[in-house]
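S.K.: okay, predicted coordinates and the sequence, questions at the end:
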Amino acid sequence: MPFLLDYLNRIGVEDEDVSILVALGTHRYMEEEEILERFGVEVVERIDVVNHRWRNEDNLVDLGVTEDGIPIEVNKLAVEADYLIGVGSIVPHVQAGWGGGCKILQPGICSDKTIKETHLLAAEQEDYLGLAGKAENPVREKIEDIALEAGLDFIVNVVFDGEGKVVDVVCGHPVKAHLRGVERASEIFVRDIPEPADIVVAEAYPAEVDYWQGIKALAHAQRGVRRGGKSILVADFGEGISPVHTEVAECARRPSGGIWRMWEDGELEDGVGVAALILHAEIMKHSDVICVSSRMLEEEKDKLGFESADSLQEALNLARGDVSGEPSIGIIEKGGDVLPRVEK
């Protein structure tokens with residue numbers, strides 16, 4: 001970020017005319033200490049860094065609807081900007097196909113009304129678990145339509161390697177530049193495997209604050225485990241299932257059909273949470289899950305339908321006991337970013 005600010009200074013844009021809007025979607029707001037850790041002292045001292053406070057309607061501007069009726073409600077700070085730059089990274093994403101690009105705006109800085117529509121669109125896809133890694137898909141197209149309509153002018157997206165070092169940067173048109181970045185990111189994050197394993201161990205890191213993040217790693221893992229196999233999810237989950245989307249904890253044991261009926265009958269109010277519940281149901285239909293987390297409460301693991309283990313070794317012993325013969329085992333490090341792909 002300092003490099004971008006320095007460049008803007010060189011072309012005549014002063015720090016006082018720049019603000020950073022943290023694109024949270026419907027995640028919880030970042031604390032001041034977290035903002036400082038994420039952006040660094042230099043950036044925080046030079047410019048304003050503010051959360052996208054999606055719960056406050058006064059922070060949102062209604063820009064109308066898309067051709068198919070999706071409301072476009074976007075953070076006022078972004079709408080009022082003379083030039084809007086999206087800054088992010090490109091990794092596989094369970095609903096949008098890939099992170100980065102226009103996703104910085106939708107869902108990043110939209111209202112929950114707008115955000116729920118593309119999440120529910122993902123949940124409606126026949127191959128929900130297959131969206132990750134697809135550069136072009138119906139959800140991505142809708143995200144891009146909304147972002148461009150809302151005025152996203154330019155993106156700066158980085159591609160990291162497995163050690164967190166920048167290996168590529170793409171800049172320019174929010175869609176065209178992003179597609180170029182996806183090509184490079186695919187080389188790093190999509191890993192070919194010969195066949196699905198009987199047991200897959202998935203490290204949720206770097207998506208392990210709560211299960212709302214960690215479901216990404218577990219969804220990715222389903223691409224590497226056979227149907228009816230065992231998934232072992234290793235994560236911190238210090239904030240439990242989700243401090244924001246509380247309906248997930250209450251309904252996570254229900255099948256996808258039951259979730260849809262509750263949503264249609266008005267028993268569930270959180271559309272973004274419904275999309276997560278459908279994803280969770282698809283995961284649990286594909287494999288049994290053992291969770292290794294010292295910080296997630298046992299009752300939370302039970303609500304998710306997970307078997308609990310105190311250590312990875314205990315989890316492996318449990319998984320082996322349910323598989324006849326000598327099982328094949330796959331290991332996914334940095335499962336929040338890495339996507340297995342069975343070789344054709």
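M.R.: On my side now, so go ahead.

S.K.: doesn't residue 289 lie inside a strand?
M.R.: Yes. Counting by DSSP: H, G, I helix; E, B strand; the rest coil, residue 289 is located in a strand.

S.K.: OK, contacts around it?
M.R.: Residue 289 is in contact with 218, 230-233, 283, 304-307, counting by CB atoms under 8 Å, 6 or more residues apart in numbering. For glycine as for every other residue, the C-beta is placed from the backbone atoms N, C-alpha and C.

S.K.: determine the set of other helices and strands touching whatever helix or strand residue 38 lives in.
M.R.: Using DSSP states H and E, residue 38 sits in helix 32-46. When contacts are defined as 3 or more CB pairs under 8 Å, 6 or more residues apart in numbering; DSSP states H and E, helix 32-46 packs onto helix 2-10, strand 19-22, strand 48-51.

S.K.: could you dump the ones you listed to JSON lines with distance to residue 105, mean pLDDT and mean neighbour count?
M.R.: JSON lines is the format used below for these (distance: least, CB to CB, whole Å; pLDDT from 0 to 100; neighbours: other CB atoms under 10 Å):
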{"stretch": "helix 2-10", "distance to residue 105": "17", "mean pLDDT": "94", "mean neighbour count": "12"}
{"stretch": "strand 19-22", "distance to residue 105": "10", "mean pLDDT": "97", "mean neighbour count": "18"}
{"stretch": "strand 48-51", "distance to residue 105": "15", "mean pLDDT": "96", "mean neighbour count": "16"}
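
S.K.: okay, the angle between the helix holding residue 38 and helix 2-10?
M.R.: With axes from the mean of the first three to the mean of the last three CA atoms, to 10 degrees defining the directions, helix 32-46 sits at 30 degrees from helix 2-10.

S.K.: list the buried residues of helix 32-46.
M.R.: For helix 32-46, a neighbour-count test (16 or more other CB atoms under 10 Å) marks 35, 39, 43-44, 46 as buried.

S.K.: who's in contact with that helix?
M.R.: Residues from elsewhere that reach helix 32-46 (CB under 8 Å, 6+ apart): 1-2, 5, 15, 20, 22, 30, 49, 51.

S.K.: mind redoing it with 10 Å?
M.R.: By CB atoms under 10 Å, 6 or more residues apart in numbering, the list of residues contacting helix 32-46 from outside reads 1-2, 4-6, 9, 15-16, 18, 20, 22, 28-31, 47, 49-51, 209.

S.K.: return that helix as PDB; C-alpha atoms alone will do.
M.R.: Extracted C-alpha coordinates of helix 32-46, given in PDB (Å, rounded to 0.1, in the frame of the first residue of the first chain):
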ATOM      1  CA  GLU A  32      -8.200  -0.500  15.600                       C
ATOM      2  CA  GLU A  33      -5.500  -2.800  16.600                       C
ATOM      3  CA  GLU A  34      -6.300  -5.200  13.700                       C
ATOM      4  CA  ILE A  35      -6.300  -2.300  11.200                       C
ATOM      5  CA  LEU A  36      -2.900  -1.200  12.500                       C
ATOM      6  CA  GLU A  37      -1.500  -4.700  12.200                       C
ATOM      7  CA  ARG A  38      -3.000  -5.200   8.700                       C
ATOM      8  CA  PHE A  39      -2.000  -1.900   7.100                       C
ATOM      9  CA  GLY A  40       1.000  -0.800   9.200                       C
ATOM     10  CA  VAL A  41       1.800   2.300  11.100                       C
ATOM     11  CA  GLU A  42       2.900   4.300   8.000                       C
ATOM     12  CA  VAL A  43      -0.300   3.800   6.200                       C
ATOM     13  CA  VAL A  44      -2.600   4.500   9.200                       C
ATOM     14  CA  GLU A  45      -0.700   7.700  10.000                       C
ATOM     15  CA  ARG A  46      -0.800   8.900   6.400                       C
END
